[in-house]
Every structure is written in C-alpha cells, then in structure tokens.
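fold the following and give me the result.
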Amino acid sequence: MKLNNFKELLLRKTADNDNLQLLIKYIRDDYLLDHIVESLSKMAASDANRKTNAAVKHFGTHMDEHVEGEMIHDQLSHHASNYKAALGAGNTSVADQHMRKIFNTMYMANKVTRDGKENHSGGKLTVEAVDPKPWEEHLYADSKTDTNGWKQDRKDYGYLRSAPHAGREGQGRKNERYRDEIRAHGHNKAYPLNEIKVNGKHIHIEDAEHDGSFKDHPFDSHPILKHSRTPSHAHKDVQHEDYINDSDAFHGEGGGAGSYWDLVDTRDPKEHAARGSKKSDTAHPEVEGLDISTPERKSKAVSAKTKTDEAPKQSKTDKEKFDDLMARLKESK
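Predicted coordinates:
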C-alpha cells in the first residue's frame, strides 16, 4: 500500500500504541514538524559529539602496540610515579601537573578505543581503569553540572585524594548508579591509579625522587595528545596536515620517539620487561573509605490489630453520599 504522507507512515509505525496514534492523528502539522526537527537536531548534535576526528583515526590505524602502546604505558607509569613522589613531598601543585598529563592521555586513549565500542586501533590499544566520575562528584555536589570523567582538564585534582563522593541529593538514580559501581569494584577510598592497565599490563608506579620540579616524558610531545581534544567538525584539512607533519617529526631524528628509546636503553632489560607484570602499590595516602554497604530495607510496622481483625468498612452508596451533602447544607443555613 502506498503511503500518501508522513502522518500515514507514523500511524503505520505506531499501530500498537493507541496513545501515540491519537496524538499523531490530531496534532497540528506545524507542531508535529517542529517536534520532529527538534528531535533530529538533538540526534545530529549527539552524533557530532561521538564522532572521532581524523587525527585520532590516523593514530589508531597506524600505531604499533609495541611502539606507541609501550610509550603510552611508560608515560602513564612515569607520571603516576612522579605524582606519588610529589604528593609524598607535599607538593600538590606539581603532583596535579602530573595528574593532568595522566588525564590527557587517558582521554586520548578512550577516544582511540571508544571504550571498546569502536576501537580505531583494531585492538592494538586497550586501556582499563576505574571510572573517576564518583570522585569527580565532589566538584559538583551543589549543582546540576554533569561529570566529565577523563575529559576533565584542570589544575587541581585534589578530589581524587579523598573517598568518592556520597552522592548528590535529588539525583537518586545517578547516585545509586555510582554507588553500585563502587560496590562492584570495591574502591571506596582515594582514586586507585594502580588499577590502570594498558594492553593488559598494570602501569608501573615506582618510588621516584622529587626535587620540586615537574618532569616530562618523551610521549608528552606526541601531537595526538593535543589533537585528540579537537572536535571532529573543527579538525579540518589544515589541522590534519599539521598533525601529520608533527607526527612525522615526533618519529623523526631528534623527536620524542628517539628520546623514549634512549630512556629505555638506560634501564636494565629484564627490569624494563617486568614493568607492569604485577600491580603496584597505591599512589595515594590512606583515607577513610566511603560506606558502601547496602542499607537494610526497613519493613513497615505492623499494628497489633491486623486488617483481618478490623471490621470491614462499608463504602457509601451514591444516595447516601447525596443525603450527607444535603444534611450539611441544611446545617449551614
């Protein structure tokens, strides 16, 4: 059967929903059109946010798990170790500079892997970590701002050094989701950096020395860390050409890749190969954990006199209700 207009199509698609059928049948055409355009606009905006720019796709496609994969693992290990050292020395400013690098790399890695939904590396890169959003809730306890996770780019990451937030009032469903997540992984204290894994290997958090300064890592200069934050619609041909040139320079003579291999050459080969083979100790000092025990449901108090003991209440007939009303009217005169 040929459909004559869009409404007929909608009526066909909603044949099993009487309420929608009624709405579609009688809604004004201009109202219907406005709602459809609004819905399509939201879908388009959501899709644009999910799209990956060409630099991320290029990095994922051309990366080597034994080159870039190892560099990412080493860079995260470096910054976690120096974060721990700076924190132990009481230098939270430098500690947060190292944490900012960790967040930037984790954000990039999640862009490449799309949380496993569409891994642009073809499986050459996998990153696992505990979601930092329950800790980030400390920043928004009195607002409706949504959490950003690894996208968070700031100068102060102090919220990671305490237990995850107990949850915002009036956000019950979200709070329970976060509490359920915390119960599932069991990390109810400071954020567990030592749970981060790259290609199946835990990051290596060692006892580094802290001299009061920030220490960079060769992979910090890889252009993907900057370009991964550019929205797809803003990453045009000019930006992509810049990324390609900078990427070639990173792998060329005197670039970051060469500096990384020079760093590896200074290590004992066996010790280097063993980095990440077991989970490191936590990077944070001990703090009191969030109570994540499941609360017992309170049963409703049962009165001594049960319903079966009570005399059944007789509902009044319409005539009795009418008589009562007339009696009250006479009394009021």
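
from here on, just use CA atoms for contacts and neighbour counts.
Noted.

mind listing what's buried along the helix or strand hosting residue 60?
Here residue 60 sits within helix 54-62, counting by DSSP states H and E. When burial is assessed from 16 or more other CA atoms under 10 Å, helix 54-62 yields the following buried residues: 54-61.

just the closest of these to residue 237, please.
Proximity of the buried residues of helix 54-62 to residue 237 (CA to CA) peaks at residue 54, which lies at 9.2 Å.

got a list of what the closest one touches?
232, 235, 240 (CA atoms under 8 Å, 6 or more residues apart in numbering).

any idea how many residues pack against residue 19?
Residues near residue 19, counting by other CA atoms under 10 Å, number 11.

next, it: phi, psi?
phi -60, psi -40 (degrees, to the nearest 10).

then residue 128?
Torsion angles, degrees, to the nearest 10, at residue 128: phi -120, psi 140.

which residue is the nearest non-sequential neighbour of it?
residue 197 (5.0 Å; CA to CA, 6 or more residues apart in numbering).

per-domain residue ranges of this structure.
Listed domain ranges for the chain are 6-48, 51-274 (source: automatic domain parsing).

what mean pLDDT does the shortest one have?
Mean per-residue pLDDT for domain 6-48: 71.

all strands of the stretch 1-150 of the chain, in order?
127-128 (DSSP state E, counting those that start in this stretch).

returning to what we had before: among the domains of the chain, which is the most enclosed?
Highest mean neighbour count among the domains of the chain (mean count of other CA atoms under 10 Å): domain 51-274, with a mean of 18.

run the chain-centre distance for that domain.
Relative to its parent chain, domain 51-274 has a centroid offset of 13 Å by CA atoms, centre = their mean, to the nearest Å.

avg pLDDT for that domain?
Here the average pLDDT along domain 51-274 is 93.

what about it, start to end distance?
Taking CA to CA, to the nearest Å, domain 51-274 runs 37 Å from one end to the other.

what does stretch 190-197 give?
18 Å.

so who does the spatially most central residue of the chain touch?
Closest residue to the average C-alpha location of the chain: residue 149 at 4.2 Å, with CA atoms, centre = their mean. By CA under 8 Å, 6+ apart, the contact set of residue 149 is 131-133, 136.

at 10 Å what do you get?
103, 106-107, 131-137 (CA atoms under 10 Å, 6 or more residues apart in numbering).

please apply the same query to residue 13.
7, 20-21.

and those residues as a markdown table, adding distance to residue 274?
Output for the contacts of residue 13, formatted as a markdown table (distance: CA to CA, whole Å):
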| residue | distance to residue 274 |
| --- | --- |
| 7 | 65 |
| 20 | 62 |
| 21 | 65 |
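
nearest to residue 267 among those?
Nearest member of these to residue 267, counting by CA to CA, is residue 20, at 68.1 Å.

any idea how far the residue nearest to the centre of the chain is from residue 107?
8 Å.

same check, this time on residue 293
Applying CA to CA to residue 293 and residue 107 gives a distance of 31 Å.

what do you get for residue 89?
27 Å.

go on, residue 268?
31 Å.

just the CA coordinates for stretch 125-140, please, in CSV.
Presented in CSV, the C-alpha positions along stretch 125-140 are these (Å, rounded to 0.1, in the frame of the first residue of the first chain):
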residue,chain,number,x,y,z
LEU,A,125,45.4,-0.5,22.1
THR,A,126,43.2,-1.4,25.1
VAL,A,127,43.1,0.7,28.3
GLU,A,128,41.4,-0.3,31.5
ALA,A,129,40.8,1.9,34.6
VAL,A,130,38.3,2.6,37.3
ASP,A,131,35.9,5.4,36.3
PRO,A,132,36.9,8.6,38.1
LYS,A,133,33.4,10.1,38.0
PRO,A,134,32.4,9.1,41.5
TRP,A,135,35.4,11.1,42.8
GLU,A,136,34.6,14.0,40.5
GLU,A,137,31.2,14.3,42.1
HIS,A,138,33.0,16.3,44.9
LEU,A,139,33.2,19.2,42.4
TYR,A,140,29.5,19.4,41.7
